[in-house]
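Engineer: Structure, please.
(chains A and B)
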Amino acid sequence: MNDRRRINGPASGTQPVVFENKSKALGRPQRSRKPNELRKIFLQTGLVPAAAGSAYLELETPSSTRSFIPTTSTIKLSCAIQGPKPLPRNSSFSPNLQLSASIKFAPFATRQRHGYLRDNVERDLGSHLENALNGVIIPDRYPKSALDVTVMVLEGEEDCLWNEEHGQERGISGVGLMNVLAESINVAVAALIDAKVDCLDLLSSGVAARAADSETDLLDPCPSEHEALACACVVGYLPARNEVVEVWSKMAAGKGREQVAEDLVDAAIKAARGSHKILTEVIKESLKHSIKTKHSANTKTTNDVEMKT
Amino acid sequence: MPLISPSALLQAYLSQDPPIRPSNRTPTETRPIHLNTGSLTHCNGSSLVKLGESTIVCAIRAELLPISEIAHYRSSESARVSQERTEEDSYEAVTLNNLLVPNLELSTNCHPSFPANVAPTVTGQSISQRVLSLLHSSRFVSIASLEIRHTSDPAASGSAGLDPDDPAYVEPEKDVLKAYWTLYIDCVALSYGGEANAFDTTVMAVIAALKDVRIPQARWDEDSKQIFCSPDYTKARTLELRGLPCPLSFGVFEPDSRIKFDNEGAEVNGTATPSKQKSQGATILLDIDYFESDVCTEKGNIVVDWSSRSCRILRLEKVGGGGVLGLEGIKQIVDSAEKRCQEWKAVLDGASGSGG
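Structural biologist: Numbering: from 1, shown residues only, chains lettered A, B, ... in the order given. Now for the predicted structure:
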C-alpha cells in the first residue's frame, strides 16, 4: 500500500526473512514461576514532560542472549494523557467527560512488521481499554471536557514460538494480545493518577489461563511457555469496591463451561490484586518524589531575573 | 498586572552577567546524551536516545527484496566485476529501490500539539525526509552491506564435467546479485522537545540503531530459487558504515531593541560604565529546547562528519531570515559541532561496549 504521507519502501514490497535449520532452534522455555506468581513489573510515572500524566511499563525480561529467533519477548508500553482539555467551542454541551482511549502498536512491536495504518486489532484493543477506563473515571466532575489516553506498544507479546506460525490447533489464540491489554490498563491507570484525574478506585487488571488437559489456573500466562492454552480471561477490577469493570474471555469448547468460566474470572481477579499491590507502591513513590522536588524547589535559590516591564 | 512575553523573558535572562538561559545553561552549553541500545526483541537493531526533552526509540527491521521483484532491473550491471564498478554507480541502487526507509512517528502521546490517529503532520514528514536525505548524501550505509550475492558451485549444479555445447550445461554464476536487504528504520517519539531538538535526537537514534544492526547470514538456494537465512547468531554480521555523522541544533536570538535593560555595571569615577554591548546584540544558542525554538527568529541544524583527519559539514540548514547569522557565527557553530562529535563518539563507544 502506498502511503503518501510517509517514506515507502520498494514499490514491489519486500519479503520477510525465512530461516532454515529449524531443528537447531532453541527449545520451548518452561514456566519456572508458581501458578499464582506474576512476572515482575517495572513501572514509572512522569517520563513525558509535555503530557498531563504519563507512565512507562515493562515486564521482566528473561535473561537470554540476543537471537534472530527469540523464544520469548517482554511487553514494553508507554502511556501519555492529554487533558482534561476543553471541547471545541461549537460542540454541544455534555455534562460528562468525553474519554477517547487508543492503543497504537509501533511497527517494530511484533514479529511481522506492523504497518503504520490503524487496523482492526488496534481498534478492538482500544475499545476494550476505553470500556475499562470509563468504568473508573468520575465523568461528571469534568463537564464539556475531553481526555485523550494514548498507549504506545513498543514491544508486544506473541502467541506462539517463531516456528509455530500456523498457530496451535488445539487451543485458543490471542493470549498475547490479552496480556498487552491487561498491561495497557495498568499503565493507563498509572498515567491517570499522575495526571491527577478523579477516579472511583485504583483499577488494576490481570490475566488468567488454563493449559490444555489441566485443572490448575495459571496467573499471568506467557503463551510461548505452553503448548496449548484451553481458555484465558482478562479482567479489570476495582479492589476497594470489589467490582469488575471489564471482562474479556476466550474458551475452547468443552464440558462444564460455566464452572470453568467462573473459576477463571476468580483467578483473573487474583492476578489483578497482584498488579494492584504494585500500582499502589508505584503511586506512593511518585507522590513522595513530587513532594520532595516541590519542597526543594521552594527552599533552594532559584535563578530569578529582574524584568523591566 | 504586567505582561511578560516569551522573547522579553529570554532577553532578560541573556542580559545577565554572565548571560544565562532559562534552563540554567550558558548559551554554548549542550545537554548530555543518554543512549541505550539493543533492548528490543523483534528487530535487527534498536536504540533509545534521550536528549533534553526529546526521547526517540528507533528500531531497524531488515527484509529481503529479490532481484526478480525489481521492475526494469538490468542484470548487465551486476555482471560487471566489482572492481570495475565505482561506488557512485552502485549506490544509485539504494536511492532507486528505496532500500533505506526511515520514518518518524510523532503522535499525540509525545506532545499535545499533535492530533491523535491522523496521518503524519508536516513536522513529522519533514523530519523523516531530512533524515532520508542525510543518509543518502552521507552514504552512511555502504551498498556492499545490503547486497546478497551468489556464486554457484559447479559440482552442485551437475555441470562439472560437461561441455559448454551440451544441452544439460548450466552457465555457472559468479558473484551474481540475487537480492537486496531493505532496512525499515522506524522511529517513535515518546516525548517531543521542539523540531530542532527532535531532528537531532532522531539522527542520533538512527545512527546508534544502524551500528547495532545484526544481519543474518543469507544464501541463495538454486533449487527453490529462494533466499534462506541462518538463525545462528554467531554468523551474523554488522553493517559497513562510513564515518560518524553528529548533529547539533542552534538558534539565533535577536533582542528587541525597544526594550532596554539597566546595566548592572559598577560606577567608575562617578560615571556609569556603558551597558554591555554584547548583550544587546544577537546571541547564538546551541542545542535549543522547545521554549527557545519558539522565540528564536533564526534556527537550524548542522550535521558534521568526523573522521580521524578532519571534520566536514554533511548538512547545514537554517530557517528564518533576518540576516543576523553571518560566516563568523557559522564558524563558531561548526567548532562547537566538532566538540559535540567527540562527546557523541564517546557515548556510542560506551553503549556498544556494554550493550549486547
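Engineer: any idea which helix is longest in the chain?
Structural biologist: Using chain A here. The longest helix of chain A (DSSP state H) is helix A:257-299.
Engineer: my bad, the chain I had in mind was chain B
Structural biologist: Chain B, longest helix under DSSP H: helix B:327-354.
Engineer: So what's the model's average confidence on that one?
Structural biologist: Taken as a whole, helix B:327-354 has a mean pLDDT of 87.
Engineer: A:S91 and A:T150: what is the separation?
Structural biologist: To A:T150, A:S91 is 21 Å away according to C-beta to C-beta, to the nearest Å. C-beta coordinates here come from the backbone N, C-alpha and C atoms, glycine included.
Engineer: phi, psi of the residue nearest to the spatial centre of chain B?
Structural biologist: Nearest residue to the geometric centre of chain B (C-alpha atoms, centre = their mean): B:V203, 2.4 Å. Backbone torsions for B:V203, taken as degrees, to the nearest 10, come to phi -60, psi -40.
Engineer: circling back: now for the longest helix of chain A, which elements pack on it?
Structural biologist: strand A:41-45, helix A:175-194, strand A:204-211, strand A:218-219, strand A:229-238, strand A:243-251 (3 or more C-beta pairs under 8 Å, 6 or more residues apart in numbering or on different chains; DSSP states H and E).
Engineer: Distance to chain B, mean neighbour count and mean pLDDT added to those, as CSV?
Structural biologist: Listed next are these as CSV, based on distance: least, C-beta to the nearest C-beta, whole Å; neighbours: other C-beta atoms under 10 Å in any protein chain shown; pLDDT from 0 to 100:
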stretch, distance to chain B, mean neighbour count, mean pLDDT
strand A:41-45, 12, 20, 92
helix A:175-194, 10, 26, 94
strand A:204-211, 20, 27, 92
strand A:218-219, 22, 23, 90
strand A:229-238, 21, 25, 91
strand A:243-251, 21, 18, 91
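Engineer: got TSV for the ones you listed, with distance to B:A236 too?
Structural biologist: As requested, these are arranged in TSV below (distance: least, C-beta to C-beta, whole Å):
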stretch	distance to B:A236
strand A:41-45	28
helix A:175-194	26
strand A:204-211	34
strand A:218-219	35
strand A:229-238	33
strand A:243-251	37
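Engineer: Might you calculate how far stretch B:207-222 sits from the centre of the chain?
Structural biologist: Remark: stretch B:207-222 is offset 19 Å from the chain centroid, using C-alpha atoms, centre = their mean, to the nearest Å.
Engineer: Could I get the buried residue list for that stretch?
Structural biologist: Neighbour-count burial for stretch B:207-222 flags B:207-218, B:220 (criterion: 16 or more other C-beta atoms under 10 Å in any protein chain shown).
Engineer: go on, stretch B:287-298?
Structural biologist: Of the residues in stretch B:287-298, B:D287, B:I288, B:D289, B:Y290, B:F291, B:E292, B:S293, B:V295, B:C296, B:T297, B:E298 count as buried by neighbour count, 16+ other C-beta under 10 Å.
Engineer: and the two most separated of these?
Structural biologist: Greatest spatial distance in the buried residues of stretch B:287-298: B:D287 and B:T297, 17.5 Å, computed using C-beta to C-beta.
Engineer: circling back: tell me who's in contact with the nearest residue to the residue nearest to the centre of chain B once chain neighbours are set aside.
Structural biologist: Nearest residue to B:V203, sequence neighbours excluded (C-beta to C-beta, 6 or more residues apart in numbering or on different chains): B:P247, at 4.4 Å. Applying C-beta atoms under 8 Å, 6 or more residues apart in numbering or on different chains to B:P247 gives the contacts B:F199, B:D200, B:V203, B:M204, B:N301, B:I302, B:V303.
Engineer: what pLDDT, on average, does the helix or strand hosting the first one get?
Structural biologist: In this case it means B:F199. Per DSSP states H and E: B:F199 is located in helix B:195-212. If you average the pLDDT over helix B:195-212, you get 95.
Engineer: For the longest helix of chain B, could you pull out the residues that count as buried?
Structural biologist: If you call a residue buried by 16+ other C-beta under 10 Å, then helix B:327-354 has these buried ones: B:I330, B:I333, B:V334, B:S336, B:A337, B:R340, B:C341, B:W344, B:V347, B:L348, B:A351, B:S352.
Engineer: One more: stretch A:95-110?
Structural biologist: A:97-110.
Engineer: How far does that stretch stretch from one end to the other?
Structural biologist: Terminal residues of stretch A:95-110 lie 40 Å apart, using C-alpha to C-alpha, to the nearest Å.
Engineer: just how off-centre is it within its chain?
Structural biologist: 11 Å.
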